[in-house]
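[1] Show me how the following folds:
(one chain, ligands or ions: 2)
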Amino acid sequence: MSERTLSMIKPDGVARDLIGEIYRRFEAAGLHVVGARMIRLDQRKARAFYQVHRERPFFDDLVAYMTSGPIMVQVLEGENAIQRNRELMGATDPARADAGTVRADYGESVERNVVHGSDGPGTAREEIDFFFQPDELHSR
Ligand code: UDP
Ligand code: MG
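    Ligands and ions are numbered 1, 2, ... in the order given. Purely as a prediction, here's the structure:
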């Protein structure tokens, strides 16, 4: 079943010019980029996006990191896109991520881990709506 997921290239990934490398991996895996934009999150928006983590000890650091520079936000579409993107990303902690994943190849720490991806159908829908209007998305 074709589905959509929300992906971000975090400030470390953009700063290190990894946009093309990461998009190449999406496309090679059959994940079509159907919408994309470069933005810089402000405090309010970063806190809102990561609301679910607001009680966690790493929350303030995470918000500081995510507002430290521009990010790429994109919607990926394809068969099993949510799971497939999570597989390309690798585990949250790069030290535990499978070889060949984005986080294993480029992540510096459990915080600075280069990419975000929605973790299920509910969050995918919410996160896509958080960044994009329907007319900004273009199915293949
Ligand atoms: N994070 C962190 N410390 C932790 C766990 C997570 O700084 O111990 C950061 C990290 O950037 C991660 C984000 O918070 O990607 C969201 O955490 P989540 O558990 O949702 O991981 P993800 O879904 O990104 O793999
Ligand atoms: Mg998550």
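[2] correct me, but residue 91 touches residue 99?
    No: here residue 91 does not reach residue 99: they are 11.4 Å apart, not a contact under Cβ atoms under 8 Å. Every residue, glycine included, has its C-beta placed from N, CA and C.
[3] which of these two has more neighbours?
    residue 91 (16 against 7; other Cβ atoms under 10 Å).
[4] Return the distance of that one relative to ligand 1.
    7 Å (Cβ to the nearest ligand atom, to the nearest Å).
[5] can you check residue 8 too?
    If you go by Cβ to the nearest ligand atom, the gap between residue 8 and ligand 1 works out to 9 Å.
[6] who's that residue bridged to?
    Assessed by DSSP bridges, residue 8 has beta-bridge partners residue 73, residue 116.
[7] Might you report the residue contacts of it?
    Counting by Cβ atoms under 8 Å, 6 or more residues apart in numbering, residue 8 makes contact with 71, 72, 73, 74, 115, 116, 117.
[8] Quick check: of those, which lies closest to residue 11?
    When the contacts of residue 8 are compared for distance to residue 11 (Cβ to Cβ), residue 71 wins out at 5.9 Å.
[9] count of neighbours near the closest one?
    Residue 71: 22 neighbours (other Cβ under 10 Å).
[10] Ramachandran angles for it?
    Per-residue torsions, residue 71: phi -130, psi 160 (degrees, to the nearest 10).
[11] tell me which parts of the protein are close to ligand 1?
    Contact residues (Cβ under 6 Å from any ligand atom) of the chain with ligand 1: 53, 58, 62, 92, 110, 111, 113, 116, 119.
[12] In JSON lines: the residues you listed, plus pLDDT and distance to residue 15.
    Formatted as JSON lines, these follow (pLDDT from 0 to 100; distance: Cβ to Cβ, whole Å):
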{"residue": "53", "pLDDT": "98", "distance to residue 15": "22"}
{"residue": "58", "pLDDT": "98", "distance to residue 15": "20"}
{"residue": "62", "pLDDT": "98", "distance to residue 15": "17"}
{"residue": "92", "pLDDT": "98", "distance to residue 15": "20"}
{"residue": "110", "pLDDT": "98", "distance to residue 15": "18"}
{"residue": "111", "pLDDT": "98", "distance to residue 15": "14"}
{"residue": "113", "pLDDT": "98", "distance to residue 15": "14"}
{"residue": "116", "pLDDT": "99", "distance to residue 15": "15"}
{"residue": "119", "pLDDT": "98", "distance to residue 15": "25"}
